[in-house]
Structures are given as structure tokens and as C-alpha cells.
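**Student:** Turn this into a structure:
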Amino acid sequence: MQIVIVDSSRVVLQIIASLIEPRGHAVHAFTDSAEALGFLRATPTVRVLITSLEVRPLCGLELCWSARLIAEERGPLHVITMSSVRNVRSLAEALDSGADDFIEKPPSAEELNARLRAAERLTTMQEELIRLAETDPLTGALNRRAFFNRARIAAERNSHPGGVSAILADIDHFKRINDQHGHDTGDRAITAVADLIAGEGIGGRLGGEEFALILPRCCLSEATTRAERLRSNVQDLRIRAGDATVTLSCSFGVSTWADGDSVEALIKRADIALYAAKSGGRNRVVASTPDAVPIVAQ
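**Tutor:** Reported below is the predicted structural model:
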């Protein structure tokens, strides 16, 4: 596991690192709690934070609380606080601030590694539960709920005109593929398109044969270009169906962020553009202007 340790004393950091590094853990040590928090934010693979309560500039309780907020976006994080003073009040404050565990400082090697084994079991289980709750079981793509959650986070960080764009895609004549070649072939077609979508940005399966893609820091013209590339790549797919080979196509609708927008409005405009692409002959890309007037990509 990747573990972050925070303490004001470099000696304490060295002691704790020496207790857990022989077990194969990657240790990142900090005397500055703000720097540690920045590292946690930038490194979602960290699974354990061990922090003293007596750190600066953020105190240990503030660091616990801030780390817990980060974990809500980036995935499981087990927080262990430590203090040379063990009392009921310190323990209660640490747990109320988002800590999962509390140990005395300095910890023994046996106790610390036992607690880390427990942390590894818990974070592994949490990762699996999150995966099951957020992914579509057929394709492994984000499901509808998880996609909209990720889309809202991306929009909050890029909420300015042209700061984030959306692409909706729908497999053309999908019922015909199922009827002529069977649902197994239809499932392989859905999975193949989902794989292409996932390689472009924050992609999800909204249901059936419909997919969505959020592109942070991407304007309308660039999003339209990327949708056209996806359209071409889908056309190049070859799906095996027994002795036959099935080809397919997708229609695409594109939209971009506008002043006073919301994720729901952004997706709605892309959906309007997708409908225009389907009704206009399919296998094409249509971009929607902020006032929802679709423009067929040339």
C-alpha cells in the first residue's frame, strides 16, 4: 500500500517508516500537513494516512477532516491518528473529525502493522463495493448515477463557457443487430463501443445502447472533432457473430458549457443534438449551440 505519514518530528517519521517499509509498503513522509494534504489530493492511490494530532499548519484534526472530504471524491482512504497523549476526549475528537483509528505514539511495530493489515482489508472491501455500485456490469463503464456524479465534479472545476463539453452516442439500428445476430452479439457490440468511449474521457453507459462522455477543458469545436473520430472508429469495428462479421455505426450529439448552465442542461442539449443526428440519417455528428440549435458537423 501507499501510506502517507505526517509528524512534526523527522525522527518520529523515520522510526515509523522503518517499522512499515520492510513489509513492502511505500511510505511518503511529511512534516508539513498542508503539503501532505496536497499530495493526498494529487495521489489517489494512497490508501492510508497516519497523522499526529500535533502538526502544522493544519492541526491533525483539520487534516483528518480535509482528507475525509478528499476521499469522498478519490476513493477509499483509511485515516489513523496518533498522539503521545491518549484520553477519551482526544479519541472522540479524532473519530468525529473523520479518523478511522487511533494509536499511541510511538506505536509498536506489532500493533502498527496489525492496524495496517486491518486498513488494507477494509479499503480493499470498500474499493470492491464502490466498483459494484458505480459500474455497469456488462461493460465495466460508469453507470448512469456514477457518470452524473463525476460529470458534476468535472463541471464544478470547469464551469465557464467552453470549459467542459458533453458527447452523447447511440448505436444505430441496434435492435436489428439483436434480432439478426442474437443478444450475445449485441452485448459484444455494446462492450466494444463502451471501450472506445472510455478511452476519451469520463465515459458512462446511460442505459441500453446509449453512452455519454464528459470532456473537461474541451471546447465545442474540439469535442466535435473527437466525436467525429469516435464515429469513424465505431465504423471500423468488426463484431464476430458466428461465421459472420457485423459492422455498426453510432450517431453523436455534442454540447458545451454555457453561462448559468448545469450538467442536466448540458446533457439535454447534447441529447437534442443526438436526436437531430438520428433523425437526419444516423451515423453522423451534430453539435448543439448553447441555445439548443443543432449544427451538423461537416
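
**Student:** Check which helix or strand F211 maps to.
**Tutor:** Assigned by DSSP states H and E, F211 falls within strand 210-216.

**Student:** Which strands or helices does that strand pack on?
**Tutor:** Contact partners of strand 210-216 among helices and strands, from 3 or more Cβ pairs under 8 Å, 6 or more residues apart in numbering; DSSP states H and E: helix 144-157, strand 164-171, helix 183-198, strand 202-207, helix 220-236. The way it works is simple: take the backbone N, C-alpha and C, and place the C-beta from them, glycine included.

**Student:** tell me the most buried of those?
**Tutor:** A comparison of the helices and strands packed on strand 210-216 by mean neighbour count, using mean count of other Cβ atoms under 10 Å, puts strand 164-171 on top with a mean of 27.

**Student:** contacting residues around N283?
**Tutor:** With contact taken as Cβ atoms under 8 Å, 6 or more residues apart in numbering, N283 is in contact with D172, R231, Q235, S249, C250, S251.

**Student:** Quick check: the two most widely separated of the residues you listed?
**Tutor:** Farthest pair in those (Cβ to Cβ) is Q235 and S251. Separation: 11.6 Å.

**Student:** Helix, strand, or coil at P76?
**Tutor:** coil (DSSP: H, G, I helix; E, B strand; the rest coil).

**Student:** show me what contacts it?
**Tutor:** Per Cβ under 8 Å, 6+ apart, neighbours of P76: R47, L122, T123, Q126, E127, I130.

**Student:** what's the spacing between the fifth one and R121?
**Tutor:** Same thing as E127. To R121, E127 is 11 Å away according to Cβ to Cβ, to the nearest Å.

**Student:** Would you list the phi and psi of M82?
**Tutor:** The phi and psi values for M82, taken as degrees, to the nearest 10, are phi -140, psi 150.

**Student:** From the centroid of this protein, which residue is nearest?
**Tutor:** Geometric centre of the chain, nearest residue: R150, 6.2 Å, by Cα atoms, centre = their mean.

**Student:** Show the contacting residues for that residue.
**Tutor:** When contacts are counted by Cβ under 8 Å, 6+ apart, R150 touches L142, I202, G204, I214.

**Student:** The residues you listed into CSV, with extra columns for pLDDT and distance to D101?
**Tutor:** CSV is the format used below for the contacts of R150 (pLDDT from 0 to 100; distance: Cβ to Cβ, whole Å):
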residue, pLDDT, distance to D101
L142, 96, 31
I202, 94, 33
G204, 96, 34
I214, 96, 36
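
**Student:** Would you reformat these as JSON lines and include distance to R188?
**Tutor:** What follows is the contacts of R150, written out as JSON lines (distance: Cβ to Cβ, whole Å):
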{"residue": "L142", "distance to R188": "20"}
{"residue": "I202", "distance to R188": "24"}
{"residue": "G204", "distance to R188": "19"}
{"residue": "I214", "distance to R188": "25"}
